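> model this:
(3 chains)
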Amino acid sequence: MSNSIEIKARLKGLFSLFGLLAIVLVSSLVSDRFLKVSNIITILRQSSILLILSLGLTGVVLTGGIDLSVSAIAAFVGCTVAQLLILGMPIPLVVLIGLTVGAAIGVFNGLLVGKLKMPPFVATYGMMMVVNGFSLIMMQGSIIYGLPESFTWFGVGYMGFMPIPVILAFLTAVFFIVLFKKTTFGAELYILGSNETAAKYSAIPVDKRLITIYGISGLTAGLAGLVLTARLDAAEVAMSEAFGLQTVAAVVIGGTSLLGGEGGAFGTVIGALILTIVVNIMNLMGISSFIQPIVIGFVIITTVFIDVTTKKNR
Amino acid sequence: MKKKTIKFNNMPPVLWMLAVGIIVITVIAPSFFAINNFKNILIQVAPLLIISIGSTMVILSEEIDLSFGGVISLSTVLWITFLNLGIPMFLAILLTLLAAAVVGAISGIIISKGGIPSFIVTLGMASITSGIALVITQGSSVYFSHKFFYIFVNGEILFFPIPLILVSIIFGISWLLLYRTRFGAQIFGLGGNRDALSLGGIDKSKSIIGVFSYSGLMAGITGLIIASKIESGNPTTGAGWEFDAIAATLIGGTSFTEGQGGIGGTILGVLLLIVLRNGLNVIGVPPMYQSGLIGSMVLLAIIIDVYVSNYKSERVKV
Amino acid sequence: MDPILSIKGMSKSFPGVKALDKVDFDLYPGEVHIIVGENGAGKSTMTKCILGAYVPEEGEMYINGEKVAFKTSRDAIKKGITAVYQEFNLIPYLDVAQNIFFNREFMSKIPGVIDKKRLHLEAVKILKSLDVDYIDTKSKIKDLGVAEKQMVEIAKALSTNPKIIVFDEPTAPLSSREVDAFFKKVHQLKESGIAIIYISHRMHEFELIGDRITVLRDGRYIGTVKIGDITDDVLVEMMVGRTVSQIYSRTENDYSEEVLKVEKLCDKKGNVIDVSLSVHRGEIVGLAGLIGAGRSELARLIFGIDKIDKGNIFVKGKKVVPKSPFHMMKLGIGLLPEDRKEQGLALSLSVALNIVTVSLRLIFSKIFINKMKMEQASKKYIKELNIITPSVNSIIKFLSGGNQQKVVIAKWLSSKADIIIFDEPTRGIDVGAKMEIYSLMDRLASEGKAILMISSELQEVIGLSDRFYILFEGRVVSESKKGELGEQEIGMKMLAGR
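This is a model prediction of the structure:
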């Protein structure tokens, strides 16, 4: 393995980019419907919500942790927002509340991990159970339909020929790319992920940073929930179930290491795209959607395996 | 004197909660303790207890198994499918259990040899097993009828419901395994002081594979019970069982961090969960609220556990 | 009588350091053979080779005259060699009997099932042979006291029917009464013919327990003597060696401004007891002592990693209660930790990023990083400290120990810290790099920084410090200026506290 971190990072980035290109190539060969503009826009739109959800998670994984509660938070925020909209609350306020709720849950996660030193998956798994529970309570098994058009525009509307979710996802991605690579906070995340003890000894306030990044993860989950609700024009408890595993997959495929200190937002973009394309091509080919979870499960395990093994060899 | 205090330290939270819960429910709804309801409760306990035993062993060894749901679903589907294919009942049961254990073993191998964190592997495995179940049934359920089902669920031997007998046997075997075999001692070792095992040159992989195979087996058995009840195999039946299993284990006092706890506490945890669920039903609290409540309880249990162990380690001399 | 264990010309190296250099050693049945030496002298390395945990690159080992080559610790156990470690290898929620026979339990007729009765019976037998059968074999390890845990560890070692037992600082966690009881056991073991290797630095215990002493220094074998044939002074001389003609040139500075003062400081765990010291601008203050004396723990208190139990800290005249490293960093304090790999560096990241870690918000504007600025800043320090690295973006993992240490120093220099604590600054570094670091420290002091240097190398402390303190078992046992104390005296205080 090369000595320079630049070369190594470029290699890894290239690797996932290469994977993306490979999949695009294969897909276009397999189905002539693949490269149609309408299909491409569909792919972009499908991947938007997954991407938004996975971007916040990427930050958490960079610190060597994990957040298993993101899809639960998205659903909870989505349901909350739907309830408030039905009650007639003005949209800007609703959006604000949704984002705040997401961030608050994230901060709570951060407190458990940062202050109480709980293992991240225990804390976020427990939180997932609690949040799901509260979603159930709030929705009482019902589905909410018929949300105001000015809200659903965020999910189904277009700006030019670009669907709004895509634009939102793009902006979010840009935000995170800048956050991770161009800010001191981002640099501290990488240092934290690479060696938490050294970060502490280097006077980085580790607990504060963890609280912040888990808060951000919750915030993005909230955002994803908002967009999802807008897109579905409905809200129910199970609305984000499909994304649960896919978010981890997107992060991991994109090259961000579960052990921390490596990877980034751009990789997650590629990971989300790859996942969505794989699903898209399977649909186009008429492959049963039941195979999907199997494939995703395999992909996750294999990718992490490669990541862990290459680390050991160095 | 020391012994008494120890027992008090480990058990009370669950015992107290159970006692309080029962008292409250009796006060509010005396009909709760009608014999029928009791039997009902005991029968519900069976599958949850079996799967929770598996989860307890895994957590004791400081790992986590998130794949229960998937394996349970897969087991129901496999069993019914085998039967539909004409395979004799006994063989079908054997094959299904074997498959479940093999899934667990595979997880164990990947975790121990691949060095991949168990939550990722079992998360992925959950996906894979549900996926396989989905593929087999093409998204719907598969059905079969057999008098075995009825006997299994409702039959009695000397007034003891068969599920209960099954549970007792499994509990007995698990207890033996955990407290009377080298395998069990290694589980406590994995959870209590993993470095000690490395220093002693002990092969951890065998134990880890064993633990996950066993919990896979438990999931398989649970799947059989569930399939018998609903007389079908369904790719989504198992979903969510891992929550309850882990919840029961944690509430029952088994700790992630110390290799502490055991299946004794887990029984209480399971009882508590079931009593709560039923009790809340009887009182009239909708099922919707139950998950939130239970989830919060689990979180609280975890927080208390971590807080206490943090506090303890601060006071210990280096 | 022939030796039960014999080692000839054994060597073992690690990257950057020769831990063992052609060492000879022999051991007779029924003797207690003490191994002494300063930190890093090679005691632990040698015993780990004997125990099969390390594989030496050179040399031969004979057991009962038969040549052996251990590849794993299991090989050693099979040959009857076992150890009682300082950090107990016991499993908290299993009981005493289970721990003693862990992985070697007695099986009943039912396959796989442990014969519990026999397990406890045999456990009681062993405990009885140690005269500690008051310990209930059914009690769980977590409920036992330290001395009892140690007895269980010894019982565990005994259950393998060893011919050789290695004890590593066994009396460290024991009270003086427990130590007496422990010594009685050791005598018992001796009498039963077991050979004992005993690593310790507590010189006052030697005559009570030992038969012979072997001294190691800098990985080399210095000599073996019989207890009683030698006085403490001579022993210390062997351990510490003659004055090396290394020159630690120091500039004279004005030491008037006190910037760090510590008063009767105590930590919560009893590792730091009533410590008082002070450091002035322009000074290099040394902190000598053995591992476990409390020096790193003191550094952690000052730096805000551990919480203070009693006592006061004054930084630049103002009383301070350290809340976190972040807090202390803002007051101008920096810490170069003992273990640079585990505590000092993010190994998978670049040199540049490691250098700017602390100063992220100082070098750049509040929020954004500028890659060019980062490289510029790093290049400045790379040049200044003569850090050898292919590129500013190289992964730090691949640098040599000396250069890694320089990066850690650069990290704190770039933060404009003016009170710097160096914990083992030259550990694992070759001589050339050492000299560079010494002159660097001298220069920093001249520039007005205050340096607190923790070191286990006596030469370093004596040669480099303007003043130094000696810690022994958590307390300050001496404060002296350069040249006031002779080497022997220093060695004595470090090793025996008096």
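
> separation between the residue in the stretch 351-498 of chain C that chain B sits nearest to and C:Met328?
Closest contact between the stretch 351-498 of chain C and chain B, by CB to the nearest CB, is at C:Gly474 (10.8 Å). To be clear about C-beta, it is placed using only N, CA and C from the backbone, and glycine gets the same treatment. C:Gly474 sits 22 Å away from C:Met328, taking CB to CB, to the nearest Å as the criterion.

> Those two: which has the busier surroundings?
Between C:Gly474 and C:Met328, counting by other CB atoms under 10 Å in any protein chain shown, C:Met328 is the more crowded of the two (24 against 21).

> which parts of the helix or strand encompassing that one are buried?
C:Met328 belongs to helix C:325-330 when assigned by DSSP states H and E. Neighbour counts using 16 or more other CB atoms under 10 Å in any protein chain shown place C:Pro325, C:Phe326, C:His327, C:Met328, C:Met329 of helix C:325-330 among the buried residues.

> Return the distance of it from the chain's centre.
Per CA atoms, centre = their mean, to the nearest Å, the displacement of helix C:325-330 from the mean C-alpha position of its chain is 26 Å.

> which strands and helices sit next to that helix?
helix C:295-303 (3 or more CB pairs under 8 Å, 6 or more residues apart in numbering or on different chains; DSSP states H and E).

> Downstream of the helix it packs on, the next helix or strand is which one?
Criterion used, DSSP H and E; the element after helix C:295-303 is strand C:308-315.

> Need the pLDDT of the residue most central in space within chain B.
Centroid-nearest residue in chain B: B:Ser52, 1.6 Å away (criterion: CA atoms, centre = their mean). For B:Ser52, the pLDDT comes out at 92.

> Quick check: buried residues in the helix or strand it falls within?
Using DSSP H and E, B:Ser52 maps to helix B:35-60. By neighbour count on 16+ other CB under 10 Å, the buried set for helix B:35-60 is B:37, B:41-60.

> Ok, stretch B:179-197 next?
B:179-194, B:196-197.

> Show me the strands in the stretch 301-450 of chain C, by range?
C:308-315, C:318-320, C:333-336, C:419-423, C:450-454 (DSSP state E, counting those that start in this stretch).

> closest one to A:Gly263 among those?
Taking CB to CB, strand C:333-336 is the member of these nearest to A:Gly263, at 29.3 Å.

> Pull the residues that contact the closest one.
Under the criterion CB atoms under 8 Å, 6 or more residues apart in numbering or on different chains, residues A:201, A:203, C:260, C:299, C:302-303, C:315, C:325, C:344, C:358, C:405, C:408-409, C:412, C:415, C:417, C:419-423, C:425 lie in contact with strand C:333-336.

> what about whatever residue of the stretch 1-150 of chain A ends up closest to chain B, how many neighbours?
Relative to chain B, the nearest point of the stretch 1-150 of chain A is A:Gly133 (2.9 Å; CB to the nearest CB). When neighbours are counted by other CB under 10 Å, A:Gly133 registers 26.

> Report how many residues lie close to A:Phe170.
15.

> Next, C:Lys481: phi, psi?
Main-chain dihedrals, C:Lys481, degrees, to the nearest 10: phi -90, psi 170.

> per-residue confidence at the residue lying closest to it once chain neighbours are set aside?
Excluding its sequence neighbours, the residue lying closest to C:Lys481 (CB to CB, 6 or more residues apart in numbering or on different chains) is C:Arg467, at 5.2 Å. Looking at C:Arg467, its pLDDT stands at 90.

> got it, and A:Gln140?
80.

> try B:Leu94
pLDDT, B:Leu94: 94.

> Could you give me the buried positions within the helix or strand hosting it?
In this assignment (DSSP H and E), B:Leu94 forms part of helix B:89-114. Of all the residues in helix B:89-114, those buried under the rule 16+ other CB under 10 Å are B:92-93, B:96-97, B:99-101, B:103-112, B:114.

> One more: stretch A:224-239?
Quick answer for stretch A:224-239 (16+ other CB under 10 Å): A:224-237, A:239.

> Then stretch C:414-421?
Here stretch C:414-421 shows C:Ser414, C:Ser415, C:Ala417, C:Asp418, C:Ile419, C:Ile420, C:Ile421 as buried, counting by 16+ other CB under 10 Å.

> ends of that stretch, how far apart?
15 Å (CA to CA, to the nearest Å).

> what's the answer for stretch C:454-471, then?
Start-to-end, stretch C:454-471 (CA to CA) is 10 Å.

> Mind listing what's buried along that stretch?
So, applying 16+ other CB under 10 Å, buried residues of stretch C:454-471: C:454-458, C:460-471.

> Which of the residues you listed fall within helices?
C:Leu458, C:Glu460, C:Val461, C:Ile462, C:Gly463, C:Leu464 (DSSP state H).

> phi, psi of the residue nearest the centre of chain C?
Closest residue to the average C-alpha location of chain C: C:Ile291 at 4.3 Å, with CA atoms, centre = their mean. Main-chain torsions, C:Ile291, degrees, to the nearest 10: phi -60, psi 130.

> can you check C:Val68 too?
Torsion angles, degrees, to the nearest 10, at C:Val68: phi -130, psi 150.

> one step back: my guess is the residue nearest to the centre of chain B contacts B:Gly269, does it?
Yes. Applying CB atoms under 8 Å, one finds B:Ser52 in contact with B:Gly269, separated by 6.9 Å.

> who's in contact with A:Met127?
A:Met127 neighbours (CB under 8 Å, 6+ apart): A:Leu68, A:Ser69, A:Ala72, A:Ile105, A:Phe108, A:Asn109, A:Leu112, B:Leu299.
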